[in-house]
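In: Give me a 3D structure for the following:
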Amino acid sequence: MQDASPESTPTARRFFAVAGQQLGGTLLGFLVWVLLARMLKVSEFGEFNAAYGVAIMAGTLANLGLAQYVTVPFRNAIRNGDFAVARGLRRAAPWCVAGSGVLAYLVIYLAHLMFNQISMVRDESFAVVLAMLPLVAIMLYFVATANTCGAPGRAMFLSVSGLQILIVIGLGATWLLDREEFNMLDAAAVWVGAMMVVCIALWRLNLAVEPAGFKHGRETLAWRAWASGTLPFFLAGSASVMLIQAPFLVLGWIHASGREAAMFAAADRLAQLLAVAGLAGTAMFLPLLADAIQSDDPHYLRRLVRRWMRLVGTANLVGLGILVVFGGRILEIYGPEYRTAYPLLLVTGTSIGFSMTASISLSMVQYAGGGWSVIKTSLLWSVIGIVAMLVLGYLGEAGLMNATLALRQEGGSVKGGRFKAPIASELSGN
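Out: Residues are numbered from 1 along each chain as shown. Predicted coordinates:
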């Protein structure tokens, strides 16, 4: 049975240490997006974020659910000392992720070419930004395996803070070398280069922290078991990431607007501060959660859930209060015009905070074998959310036209961000 000693339950001190690393990286990420917004025109910033959002969405799908699935077989191998199946999965998974990433790139780029007449994203821009797609998938896998092997802090630093530091350095160097001609293609090249360096660093971290049993010995390739095990995570993750990133798809290819994509991106990047506690908690709690469920220890499981709610829930309430009071002023750091995204920031921040706090229930159901229940609910919610985005998008265009006509009759003017913000709030879907 899983040891239920106090040492096996994440302490507040350790949680805030990991959360502090995540917060530092998130703040760095916010500054990166502020820097990019200052370096690009509003329309170019929106174009980059539209392509970037689709790249993140496709990269998460290309991960095939492995980032969530590997926790159970890897932890079982560490606990039981039988590494044959885990060793085979360790060898096969990176190749599967890389191959699915390349395939996803081809499919999405061809789809973009089919809709390029209504898209605001240029072909060359989309191609360069999507180069990071396989890197996203591989990075998610390496972070998950490092967490499973007991190195969440180092993996968090490399994938969050380390990545943002490299991007800041790259943007600064590129700006100095080509200040007059800097554009989103230069920005995309910086992102791709930084992600490649981080993926290599995460790979080396895994080699350093993995138990010796993962590296040497007989391998078992359990393809059928892996496929059936990853499918629930893949489908549930697909539904979730579609809702989170679909606004960039809608604003880039359906109701194409560089300005509105920029406003949504500004609010979304700032609202990611509400994901800090949940991401830190995920890195620390999920391996222990899997152990508790596999060991059938309900007392230990309840203790983990209570600790999660106290730590993650409280941190998210404090973060939301900060955004309510100071969010409008913080948005102005992007530029004065970005303050119009304040209503969107509140809706997006609330949804992120709530979903991250409640995410432990999703992991519990999945690890306990109830993945298909999660899938059905997630897919239904995704369909409702995407349909709502499309309908509200069309209604939003009509409302904006009527408001513009009315204000013109009164001799006034209208700014797109102000009237589109409530519509964009509905598109957040986090």
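In: Restricting to C-alpha, output the helix or strand hosting Leu171 in PDB.
Out: Element membership for Leu171 (DSSP states H and E) is helix 163-177. In PDB, the C-alpha atoms belonging to helix 163-177 read as follows (Å, rounded to 0.1, in the frame of the first residue of the first chain):
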ATOM      1  CA  LEU A 163      12.400  28.700 -22.600                       C
ATOM      2  CA  GLN A 164      11.400  32.300 -21.900                       C
ATOM      3  CA  ILE A 165      14.900  33.400 -21.200                       C
ATOM      4  CA  LEU A 166      16.100  32.000 -24.500                       C
ATOM      5  CA  ILE A 167      13.300  33.700 -26.300                       C
ATOM      6  CA  VAL A 168      14.100  37.100 -24.700                       C
ATOM      7  CA  ILE A 169      17.700  36.700 -25.700                       C
ATOM      8  CA  GLY A 170      16.800  35.700 -29.200                       C
ATOM      9  CA  LEU A 171      14.300  38.500 -29.700                       C
ATOM     10  CA  GLY A 172      16.800  41.000 -28.400                       C
ATOM     11  CA  ALA A 173      19.600  39.800 -30.600                       C
ATOM     12  CA  THR A 174      17.400  39.700 -33.700                       C
ATOM     13  CA  TRP A 175      16.000  43.200 -33.000                       C
ATOM     14  CA  LEU A 176      19.500  44.600 -32.700                       C
ATOM     15  CA  LEU A 177      20.700  43.000 -35.900                       C
END
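In: That one: how far from the chain's middle?
Out: Centroid separation for helix 163-177 versus its chain: 22 Å, with Cα atoms, centre = their mean, to the nearest Å.
In: Also stretch 35-48?
Out: Put simply, stretch 35-48 sits 20 Å off its chain's centre (Cα atoms, centre = their mean).
In: now swap in stretch 142-152 and tell me
Out: Distance of stretch 142-152 from the chain centroid (Cα atoms, centre = their mean) equals 17 Å.
In: for the helix holding Leu171, packing partners?
Out: helix 12-39, helix 184-209 (3 or more Cβ pairs under 8 Å, 6 or more residues apart in numbering; DSSP states H and E). C-beta coordinates here come from the backbone N, C-alpha and C atoms, glycine included.
In: buried stuff in that helix?
Out: Within helix 163-177, the residues that count as buried by 16 or more other Cβ atoms under 10 Å are 163-168, 170-171, 174.
In: Ok, stretch 297-304 next?
Out: 297, 300-301, 303-304.
In: Show me which of the residues you listed is closest to Ala262.
Out: Set against Ala262, the nearest of the buried residues of stretch 297-304 by Cβ to Cβ is Leu304 (40.4 Å).
In: Now do that closest one against Val72, distance only.
Out: Leu304 is 16 Å from Val72, where distance means Cβ to Cβ, to the nearest Å.
In: For the helices and strands packed on helix 163-177, which has the smallest mean pLDDT value?
Out: Sorting the helices and strands packed on helix 163-177 by mean pLDDT places helix 12-39 lowest, at a mean of 80.
In: Verify the stated contact: Gly319 with Ala277.
Out: Yes - the pair Gly319 and Ala277 qualifies as a contact (Cβ atoms under 8 Å) at a distance of 7.3 Å.
In: Compare the two and say which is more crowded by neighbours.
Out: For Gly319 versus Ala277, the count of surrounding residues by other Cβ atoms under 10 Å is larger for Ala277: 28 against 20.
In: which ones are touching the more buried one?
Out: Residues in contact with Ala277 (Cβ atoms under 8 Å, 6 or more residues apart in numbering) are 19, 311-312, 315-316, 319, 356-357.
In: When you compare pLDDT across those, which one is lowest?
Out: Ala19 (73).
In: I figured that one was touching Val276, is that so?
Out: Yes - using Cβ under 8 Å, Ala19 is in contact with Val276, at 5.8 Å.
In: which residues are in contact with both of those two?
Out: Taking Cβ under 8 Å, 6+ apart as the criterion, Ala19 and Val276 both touch Ala315.
In: okay, the two: which has more neighbours?
Out: It is Val276, of Ala19 and Val276, that has more neighbours when counted by other Cβ under 10 Å, with 27 against 24.
In: how much space between that one and Met356?
Out: 9 Å.
In: Equivalent analysis for Ser119, please.
Out: 31 Å.
In: can you count the residues close to Val324?
Out: Using other Cβ under 10 Å, Val324 is surrounded by 14 other residues.
In: Please name the residues that touch it.
Out: For Val324, the contacting residues are Leu346, by Cβ under 8 Å, 6+ apart.
In: Can you tell me how far it is from Arg75?
Out: If you go by Cβ to Cβ, the gap between Val324 and Arg75 works out to 39 Å.
In: again, but for Met132
Out: Distance of Met132 to Arg75, given as Cβ to Cβ: 30 Å.
In: which of the two has more neighbours?
Out: Using other Cβ under 10 Å, the more surrounded residue of Met132 and Arg75 is Met132, with 25 against 20.
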